[in-house]
Structure formats: structure tokens, C-alpha cells
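# Sequence first, then the predicted structure, then my questions.
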2 protein chains.
Amino acid sequence: MNKSEVKVIGALKREGKFSSAQSLYQLLRKNGESTGLATVYRTLQKAAAENIVDVLRKDDGEALYRLCDTGHHHHLVCTNCGKTVEVEASAVEKWASTVAKNNGFKKVTHVVELFGLCQKC
Amino acid sequence: MNKSEVKVIGALKREGKFSSAQSLYQLLRKNGESTGLATVYRTLQKAAAENIVDVLRKDDGEALYRLCDTGHHHHLVCTNCGKTVEVEASAVEKWASTVAKNNGFKKVTHVVELFGLCQKC
DNA sequence: AACATAAATGAGAATGATTATCAATATCAC
DNA sequence: GTGATATTGATAATCATTCTCATTTATGTT
Ligand SMILES: [Mn+2]
Ligand SMILES: [Mn+2]
Ligand SMILES: [Zn+2]
Ligand SMILES: [Zn+2]
């Protein structure tokens, strides 16, 4: 882990929720940590490629990142406060592979996310 | 259906696969149909709000639209040729509502898409 | 038809996230 | 240390999407 990775991934850890590159950049700057926007993007992309962070997209297309280094899973996200729960989804995994087989598709991946309002919101 | 809707939704129907606003605009222009980009976006957004088209996002964040006026369903998309199959997903619907209940979330929606390579590709 | 009024259209500008450049700086090998 | 190499960050460029607004087109009334 180089310097930038410590900074950016650290900020992501502190946030705990899905955050945008832009907001992480602002956050780091506010805390005095000098950083460039390009570095934030570079670090997040690398972390995504290494499956250290998960990525999803807001309705407007902006990418959101979250520290998720605990293997493949899916999320239930509160659209109001950002609270995020990691959920197991073996039923979905099974369904996906069946559908893939039935239609003769190979190398099938899936995008599965749940959005709603948490108890507090 | 006004003039623009006929043009844009018609182009979408001819395409049959998920297409971007930009590519639909180019397509209409190539076929001599005069159209503005703003109108294409407006028409697609309205159609999405009316559940006449489904929307998903490429990895780079660009929105893709597909004529899908047959009620709620999910897709299996070939990432190479764009071939798209509509798949039933009652197992996923059930799973989603169970997960929502277990975590005390309300008004939960889901994003579920499958991507892979079709038989031909 | 002629007219008033409202809706639709499209060219072009503005926005904003993401990506590309590239010179400055830090890190490493010897 | 010296030179090679990787990292950094300010800035510019890209590009999908949204906004503006003058012009055109549809709609309704007399
Ligand atoms: Mn899964
Ligand atoms: Mn569903
Ligand atoms: Zn909440
Ligand atoms: Zn294919």
C-alpha cells in the first residue's frame, strides 16, 4: 500500500458507506491531507480491479465506491442515509447460473443491488 | 404519441437491443429523420418514467435504453453482440422481499441484470 | 380561415464527472 | 551520491447529459 492508497482507502473506511470519488477528494482536502483528484480516481480504480472496493452507480451515473474486501456479496442500501448492509445471496447465485445455462450463455456475471429505506429513515 | 416519440421509440424498436441516446441520435440522423439530441433525451426519459423502456448503465456510466413494455422483468445481455433475453425472476423477487423484511427496510427496489456471452459469440 | 395560446422542437451553450497530459517530486538500485 | 523508475497532482481535454431559449408546430376558439 503506497501513500495514496493509505489515504484514499482510509477515508473510504472511515466513511463506511458508498462514496463518490469527488466527495472523498473533498473530504481528504478538508482534513488537510494533500491529494489530487486524479490520484483519488486512480486509487479507486486499482482497488476496484483488485476487488478491495465495490462499485455501483447512482441514477445519474456517478460511480460510488465502498470498502468491501470480504469476498463476493451484495448490498442493501438505504437511499436516504446511506446505511449499507451486506447480504448473502446464494438463492440469486443459483438462479443466475440456471438462467445462464438455460439460454446457452457463457461467462455470465450479475449485477444485483437492493435499495430502500432503513428502519430509522 | 407525438412525432418525436414515434421517431425515437421506433428507432429503439428497430434496434431491438439496449442502445444509447447518442447512438439513437446518430441513427436517426443517418436515416434522414431530422431530430435534436435534446429531444432524444427527453423522449427516452419520459418513456422510462412511463415504463415503456428499461434503462441500464454501461461500465463507463453511459445509459442504455431498450423497448420493454411487457411489465417487470430482468435481462440476460450478451456483452459482445448485444443480444438480449428477457428472463423471469420470481426466485429473485422472493429473495429480495425476504432480505428487505429481515433487515427492516421499506420500499425496497432491486437492480438485477445478467451479462455474458451468447451461444454465437 | 384567422387568430391566440400552449406545446414541442432543436441548435448551441453550460455542466460535471471522468480521463489524459506532463512536469515536478518521491522512491529505489547501485 | 547518481541515475533510473514510479508516483503525484495541477491542469486541460473529453464526453454524456442537461439547460436555454428562439423558432416552429400543434391545438382550440371565434
Ligand atoms: Mn451475486
Ligand atoms: Mn425483479
Ligand atoms: Zn437510512
Ligand atoms: Zn452475442
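It's in. Ligands and ions are numbered 1, 2, ... in the order given.
# ok but A:Lys107 is inside a strand, no?
Yes - counting by DSSP: H, G, I helix; E, B strand; the rest coil, A:Lys107 is found in a strand.
# wait, doesn't it sit right on B:Gly116?
Yes - using C-beta atoms under 8 Å, A:Lys107 is in contact with B:Gly116, at 5.2 Å. Bear in mind the C-beta positions are built from the backbone N, C-alpha and C, glycine included.
# Those two: who's more crowded?
Neighbours were counted for A:Lys107 and for B:Gly116 using other C-beta atoms under 10 Å in any protein chain shown; B:Gly116 has more, 21 against 10.
# Tell me who's in contact with the more buried one.
A:100, A:105-109, B:76-79 (C-beta atoms under 8 Å, 6 or more residues apart in numbering or on different chains).
# go on, A:Ala63?
By C-beta under 8 Å, 6+ apart, the contact set of A:Ala63 is A:20-21, A:55-57, B:61.
# Could you tell me how far stretch A:47-64 lies from the centre of the chain?
5 Å (C-alpha atoms, centre = their mean, to the nearest Å).
# likewise stretch A:104-115?
On C-alpha atoms, centre = their mean, the centre of stretch A:104-115 falls 16 Å from that of its chain.
# related to what we said a few turns ago, which two from the contacts of A:Ala63 end up farthest apart in space?
Comparing every pair within the contacts of A:Ala63 by C-beta to C-beta identifies A:Ala21 and A:Leu56 as the most remote, at 13.1 Å.
# Specify the local secondary structure of A:Pro111.
To be clear, residue A:111 is Val; Pro isn't right here. With three-state DSSP as the basis, A:Val111 sits in strand.
# Share the number of residues neighbouring it, please.
15.
# now do A:Gly10
Count around A:Gly10 with other C-beta under 10 Å applied: 14.
# Are we agreed that it is in a strand?
No - counting by three-state DSSP, A:Gly10 falls outside a strand, being helix.
# how close does it get to A:Ala63?
Distance of A:Gly10 to A:Ala63, computed by C-beta to C-beta, to the nearest Å: 19 Å.
# How about A:Asn2?
In terms of C-beta to C-beta, A:Asn2 sits 22 Å off from A:Ala63.
# Ok, A:His73 next?
19 Å.
# now do A:Ser20
7 Å.
# A:Phe68 is in contact with A:Val85, isn't it?
No, residue A:68 isn't Phe; it's Cys. No - counting by C-beta under 8 Å, A:Cys68 does not reach A:Val85; the two are 11.8 Å apart.
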